[in-house]
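# model the following, please.
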Amino acid sequence: MKRRYLHLGTILLMTLAGSNVWAASAVMEEVVVTAQKREQLATDVGIAVTTFSASQLESFGFESSTDIIAYSPGVSLAGDIGGQRAIFNIRGVVQNDYADHAEAPVAVYVDGGYLASTQAQTFALYDIERIEVLKGPQGTLFGRNATGGLINTVTAKPTDTLEGYLEVTGARFDQFRLEGAVGGPLSDSARGRLSFMTNQQSEVYDNIYDGTDAQGTEGTPGGGEDTWNDDTVALRGQLEFDLGERGQLLLIGNYADTTKSEGPYQGRATTEVRNENGEAIDVIRAANDPLNCDIIQAGACIDGDGDGSATRPVPGGDFWGNVFPDVENRTVNKDFAFDDQNEIESIGLMLDYSYRFDGFDFTSITDFKNFERTVGLDSDQTPRAALIFQSYGDIDQISQEFRISGASERLTWVAGLYYLGIRTDFIQGLAESAAGVDDFALLGQEANTIVELDTDSYSAFGQADYRLTDTLTLVGGLRLIQEDKDFDGVVSFFENNDDRRIESSNPLFSIESLETDNDEFLWSGKVQLEFTPDDESLYYAGVNRGVKAGSFNAPLFGGLSPYDEEILWSYEIGTKLTLMNGLAQLNASAYFYDYNDYQSFSFRNNTSAVTNEDATYKGVEVELFANPTPALDVSLGVSFIDAEVEDLQINTTTFRDTEPPFTPEWQVSGLVRYTWENVFEGNLTAQLNGSWKSEFFFSANNFTAHEFDDAFITDARVSWTDRQELWTLTAFVDNFTDERDSVIGFDVSGFYGTSQESVTRPRSYGVILRRDF
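The predicted structure is shown next:
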């Protein structure tokens, strides 16, 4: 508790105000957003929205889409695979199902195109115009899966004049990152832009695996390589054409490929606690168990690994006596570890056509995307050749939006039709090395779940803003959705022929199958009043209904089953105030969520499922940012949430009120930045920024060992820019106190006496050289 208030005090001293984040004399930068399908200043939008302009993204040094989370109040990080799949949690609205067919309740868009795959939420940032973080249900204008909110990324577009940049980064862990863009006119009526990025980084973790575990058992042949690396390439091309005086056509193509090591988890020895019926009711750290049990059942030790002993060979170790390396040493000890195990590939093509008719504008957005993901993970995180999680997913999606919009003296409106089709094929299961010692390995088999899910979603939507008076506006919106899903799943046993590849053909036998469909009629809507007594203030109060379609469970070892849609009723008030004669901006909001049938992902007795639960959330967010002097930028963001999932079923007899996973009660972020002019014929800027979050659970069960401590991360940067603003040289230190706080976890205590945990990236330092033209 003392540490919490020390960190809070540190950030408050660092900052005086702020949070639309910052930028060199651009904390007060007026950012244009499209949060309501039309261009508006962020300060004029009656939505809690945090924005990051291109200069703000550059000043923070953000390299990945999820880097913005730490400086977006009310937004937190969730995910799995050691953070290689990272997803957004807005105001506690999250679903952490790791299966490839699952869609998140926070919608992510890039240039107007929806990203259906949760894996796709993690992407490289390069040549970006802005990012908008919209909080609260956004289903009226953005569709069925924006229950929690929306991340809207807009890339830099072709320009009428020749421009571009080249940026190179060299940093710790042999990181080399190169990005750039060039764009300009191709003719009097055509423009183009080409952007690229490549990033190579060596392994962060040293693997001390020597070929055997603590009992001398050999592990996976050829494994034991170092982990936590990155090899990414990305490319984006754009062509824009003027079609007469009223029409415009934009064509965007993109490609990205990422190769990484096996998921960068580290193991932690944990002990499952069971009731007299053998059902899990808690998980504790093994070091906190004075009896040194494999598993605790009804207060007594029981055998967990079938060796005839109910206690562990080494206190604080796993079932087999393996003791995990200290996280501070950046070491791991595991057999299934390959530096090129996981690969994610994406390709996309978008066609954006617009035409200005007399009295209204027409827009058509056609979008196609394909995502492929191959993942392998040492499920026990030990040198033991135990079960290995593997999955392969292939997702094709196509969407079409037709939209018309217009405005008169008092009325601004938008209406449209939308179609989304998703075809998901994936397989996931537990593979085993021939050297393994578990039951499946002795049989030479592996158990895999194979799923095909086809989704067709049709919707019609509209929203209108009507000025009742010069200061009072009524906003109303409605979206009608028809969602059809066809599911075909089977759980089968296969012969294990390859340690690093999951089998999908020639099954030996099947244990479960489900072929069914689910058709739903859904709706979302919004009613809001906005009061603008003057040019410096906006007050709003509204009711919003968000909805996320139901789907199907497809866990390991069976349990294929449907779950229902979730409905979120949001009641929110907020304000946006310009203060100090334009030198400061205050944004504040308070909300109450009445959650019906929240889709909660949790584990019960070593299997997982999404179930529908009721929940209530309430919270407050404040963003205050300012330029008290022309040379000084300061910012502060604070959020608080009190969230409760009601009567979550832990096992057949135990029900508890729990907190949603990855939802810290408090979050604080801040920045201070100062610029000195005329230094070496340019401007010198020093920046210090930090973020803190309170304790949280990584699972919906809220077991004792699933709670992570509070975390405080601080970064520092010094930049020099020449007077012509062509050259910029930056030196940076990220996480300069070298904190190793746990951020993502996964529990396998009942299998191995361990849990998987990933931590914040260790201290990194480097330099960035940028040339604009």
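
# tell me how far the one helix or strand Asn683 maps to lies from the chain's centre.
In this assignment (DSSP states H and E), Asn683 forms part of strand 682-693. Taking Cα atoms, centre = their mean, to the nearest Å, the mean C-alpha location of strand 682-693 is offset from the chain mean by 24 Å.

# how far does whichever helix or strand comes after that strand sit from its chain's centre?
As assigned by DSSP H and E, the chain's next helix or strand after strand 682-693 is strand 696-697. Offset of strand 696-697 from its chain centre (Cα atoms, centre = their mean): 16 Å.

# please identify the pairing partners of strand 696-697 and their relative orientation?
Strand pairing for strand 696-697, using DSSP bridges, gives strand 707-708 (antiparallel).

# and the partner strand, average pLDDT?
Mean per-residue pLDDT for strand 707-708: 97.

# can you list the buried residues in stretch 37-57?
For stretch 37-57, burial by neighbour count (16 or more other Cβ atoms under 10 Å) applies to 37-38, 40, 42-43, 45-57. Bear in mind the C-beta positions are built from the backbone N, C-alpha and C, glycine included.

# how many residues are close by Leu186?
13 (other Cβ atoms under 10 Å).

# can you pull the contacts of Leu522?
The contact partners of Leu522, taken as Cβ atoms under 8 Å, 6 or more residues apart in numbering, are Arg144, Leu480, Ile481, Gln482, Glu483, Val547, Ala549, Glu565.

# equivalent analysis for Leu430, please.
Counted by Cβ under 8 Å, 6+ apart, Leu430 has contacts Ser379, Leu387, Ile388, Phe389, Gln390, Phe440, Glu446, Ala447, Asn448, Leu556.

# any idea which of those residues is least confident?
Within the contacts of Leu430, pLDDT reaches its minimum at Phe440, with 51.

# if we can go back for a sec, quick check: the farthest pair among the contacts of Leu430?
Ser379 and Asn448 (14.0 Å; Cβ to Cβ).

# verify the stated contact: Val718 with Thr728.
No - at 11.3 Å, Val718 and Thr728 do not qualify as touching, with contact defined as Cβ atoms under 8 Å.

# for Arg384, list the residues it contacts.
Contacts of Arg384 (Cβ under 8 Å, 6+ apart): Asp213, Thr217, Gly219, Asp318, Trp320, Asn322, Asp335, Val437, Tyr752.

# quick one: it from Asn322, how far?
6 Å (Cβ to Cβ, to the nearest Å).

# so where's the stretch 601-750 of the chain uncertain?
605-606 (pLDDT under 70).

# at 80 instead, please
604-607 (pLDDT under 80).

# helices of that one, residue ranges please.
With DSSP state H, counting those that start in this stretch as the criterion, the stretch 601-750 of the chain has helices at 749-752.

# how about the strands in it?
Under the criterion DSSP state E, counting those that start in this stretch, the stretch 601-750 of the chain contains strands at 607-629, 632-649, 655-658, 666-676, 682-693, 696-697, 707-708, 711-722, 727-734, 742-748.

# among these, which is the most enclosed?
Stretch with highest mean neighbour count among these: strand 696-697 (a mean of 24; mean count of other Cβ atoms under 10 Å).

# quick one on the thing from earlier: mutual contacts of Val718 and Thr728, please.
Joint contacts of Val718 and Thr728 (Cβ under 8 Å, 6+ apart) do not exist.

# ok, and what's touching stretch 275-283?
270-274, 297-298, 603-606, 650-654, 703-706, 747, 749-750, 755.

# switch to 6 Å and redo it
Taking contacts as Cβ atoms under 6 Å, 6 or more residues apart in numbering, the residues outside stretch 275-283 that touch it are 270, 272-274, 298, 605, 651, 654, 703-705, 747, 749.

# which residue is nearest the centroid of the chain?
In the chain, the centroid-proximal residue (Cα atoms, centre = their mean) is Ile87; its distance is 1.9 Å.

# ok, that residue to Leu125 distance?
On the measure of Cβ to Cβ, Ile87 and Leu125 end up 16 Å apart.

# which residue is the nearest non-sequential neighbour of Ser391?
Distances taken as Cβ to Cβ, 6 or more residues apart in numbering place Gln428 nearest to Ser391, at 3.7 Å, with adjacent residues excluded.

# give me the element the one you found is part of.
Take DSSP H and E as the rule and Gln428 turns out to sit in strand 411-431.

# dump that strand to PDB, restricted to CA.
Only the C-alpha atoms of strand 411-431 are listed here, as PDB (Å, rounded to 0.1, in the frame of the first residue of the first chain):
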ATOM      1  CA  LEU A 411     -29.500  18.900 -38.300                       C
ATOM      2  CA  THR A 412     -26.400  16.800 -38.900                       C
ATOM      3  CA  TRP A 413     -27.100  13.200 -39.900                       C
ATOM      4  CA  VAL A 414     -25.500  10.000 -41.100                       C
ATOM      5  CA  ALA A 415     -27.100   6.700 -42.200                       C
ATOM      6  CA  GLY A 416     -25.800   3.500 -43.800                       C
ATOM      7  CA  LEU A 417     -25.800  -0.200 -44.600                       C
ATOM      8  CA  TYR A 418     -23.000  -2.600 -43.600                       C
ATOM      9  CA  TYR A 419     -22.100  -6.200 -44.300                       C
ATOM     10  CA  LEU A 420     -19.300  -8.200 -42.700                       C
ATOM     11  CA  GLY A 421     -18.400 -11.800 -43.600                       C
ATOM     12  CA  ILE A 422     -15.800 -13.800 -41.700                       C
ATOM     13  CA  ARG A 423     -14.500 -17.300 -42.400                       C
ATOM     14  CA  THR A 424     -12.400 -18.700 -39.600                       C
ATOM     15  CA  ASP A 425     -10.600 -22.000 -39.800                       C
ATOM     16  CA  PHE A 426      -8.400 -23.000 -36.900                       C
ATOM     17  CA  ILE A 427      -7.000 -25.900 -34.900                       C
ATOM     18  CA  GLN A 428      -5.600 -25.900 -31.500                       C
ATOM     19  CA  GLY A 429      -4.400 -28.600 -29.200                       C
ATOM     20  CA  LEU A 430      -1.700 -30.100 -27.000                       C
ATOM     21  CA  ALA A 431       1.200 -31.700 -28.800                       C
END
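
# re earlier: now, which of the contacts of Leu522 lie within strands?
If you go by DSSP state E, the contacts of Leu522 have Leu480, Ile481, Gln482, Glu483, Val547 in strands.

# weed out the non-buried ones from the residues you listed.
Here, 16+ other Cβ under 10 Å leaves Ile481, Glu483, Val547 buried among those.

# the first one against Asn145, yeah?
Which is Ile481. No - if you go by Cβ atoms under 6 Å, Ile481 and Asn145 don't touch, sitting 10.2 Å apart.

# rewinding a little: list the pairing partners of the strand holding Gln428 within its sheet, with orientation.
By DSSP bridges, strand 411-431 pairs with strand 388-407 (antiparallel), strand 445-467 (antiparallel).

# tally of neighbours for Asp470?
Neighbours of Asp470 using other Cβ under 10 Å come to 9.

# give me the buried positions along the longest strand seen in the chain.
In the chain, taking DSSP E as the definition, the longest strand is strand 509-534. Within strand 509-534, the residues that count as buried by 16+ other Cβ under 10 Å are Leu514, Asn518, Glu520, Leu522, Trp523, Ser524, Gly525, Lys526, Gln528, Glu530, Thr532.
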